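Novice: with the input below, show me the fold.
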Amino acid sequence: MTILVTGARGNVARALVGRLLEDGHEVRAAGRDPGRTRLPGGVEVVAADLARPENWDAALDGVTKAFLYAGTAGLGGFLARAGGLAQVVLLSALGADPASADAITRAHGEAEQAVRDSGIPWTFLRPGGFAANRLLWADSVRAGVVRDPFPDSHAALIHEADIAAVAVCALTSSGHLGAVHTLTGPESLTVRDQASVLGRVTGRPVVVEPQDLDDYRRELTAAFEARGLGRVGSAEVIEARIRRLAALVGRPQATTETVLAVTGRPARSFAEWAGDHAGDFA
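Specialist: Numbers count the residues shown, from 1 in each chain. Predicted structure coming up:
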């Protein structure tokens, strides 16, 4: 049984590939730029892009199950070629809903609906905020100052290894077809709390300064472009993100016990994530 893992450059995909290999599964990884992946030796990496559906024929050859990121552009082309799969595990997002007024949850809900409509057996993973997104703070942490427009906004950030662990269970054990797994970290921390944790791990105090919203918008736009997402639709997504962060100021985010229920191991704390990534902030 060969398992296809898409988005090979992503933090979750890398963690998932590593876990599947450790457990003795055959893995093929797919990404837009195979030469830029950082995967264990011996993993077959193929070039494939949702924007070019014809590339997926080779990537899917001999594959029985797939792990897929919830991009909507080109998703239909992939699903049309993946009709013989026994399962798709889709990495979606907390609150996914195709009817949502929020651009982020709507896009993920539309991706889920496309998978449902394809007739392929599915499992949806709906994580909240990714702890790995704090890697964008690396330069700021090294400088000792993090700038953020909502220092007191909460998030129950989840370790990518926990998302990968749930994905492994969904792909390799029974009882997950048609399941929706809502995933969070074990605790809700403010931006200030997160910066403080990173300061303790790196041994350098980190303070948080309020950031002008227009500066924040410019930073997010640049991040979109750096990831090859361009400006199309990015403004709506950025505004949705701002509204979400503002709504969580002073309001702890609800957490779930799904990681424990699925894997038998409690979700890792943000402090554990920071320790695992201390070298990225050195």
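Novice: quick one: pLDDT of residue 35?
Specialist: Note on residue 35: pLDDT of 75.
Novice: for residue 164, same thing?
Specialist: The model's pLDDT for residue 164 equals 98.
Novice: any figure for the gap between it and residue 213?
Specialist: 34 Å (CB to CB, to the nearest Å). Heads up, the C-betas are built off the backbone N, CA and C, glycines and all.
Novice: give me the more crowded residue out of the two.
Specialist: When neighbours are counted by other CB atoms under 10 Å, residue 164 comes out ahead of the other of residue 164 and residue 213, with 24 against 12.
Novice: tally of neighbours for the spatially closest residue to the more buried one that is not a sequence neighbour?
Specialist: Distances taken as CB to CB, 6 or more residues apart in numbering put residue 15 closest to residue 164, at 3.7 Å, once the chain neighbours are dropped. Applying other CB under 10 Å, we find 20 other residues in the vicinity of residue 15.
Novice: ok, residue 15 - contacts?
Specialist: 160-161, 163-164 (CB atoms under 8 Å, 6 or more residues apart in numbering).
Novice: need the residues you listed in TSV (columns: secondary structure).
Specialist: Output for the contacts of residue 15, formatted as TSV (DSSP: H, G, I helix; E, B strand; the rest coil):
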residue	secondary structure
160	helix
161	helix
163	helix
164	helix
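Novice: which of these sit farthest apart?
Specialist: 161 and 163 (7.4 Å; CB to CB).
Novice: where exactly do the helices run in this structure?
Specialist: Taking DSSP state H as the test, the helices found in the chain are 11-22, 56-60, 75-81, 103-118, 138-143, 160-172, 191-202, 213-226, 234-247, 258-263, 270-276.
Novice: to residue 132, which of these lies closest?
Specialist: That would be helix 11-22 among these, by CB to CB, at 4.2 Å.
Novice: can you show me the CA trace of that closest one as CSV?
Specialist: In CSV, the C-alpha atoms belonging to helix 11-22 read as follows (Å, rounded to 0.1, in the frame of the first residue of the first chain):
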residue,chain,number,x,y,z
ASN,A,11,5.7,21.1,8.1
VAL,A,12,2.8,18.7,8.6
ALA,A,13,3.7,16.8,5.4
ARG,A,14,7.3,16.4,6.5
ALA,A,15,6.2,15.2,10.0
LEU,A,16,3.7,12.8,8.4
VAL,A,17,6.2,11.3,5.9
GLY,A,18,8.6,10.7,8.8
ARG,A,19,6.0,8.9,10.9
LEU,A,20,4.8,6.8,8.1
LEU,A,21,8.3,5.7,7.2
GLU,A,22,9.0,4.9,10.9
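Novice: between the helices of the chain, which gets nearest to residue 5?
Specialist: Of all the helices of the chain, helix 11-22 sits nearest to residue 5, with 5.2 Å by CB to CB.
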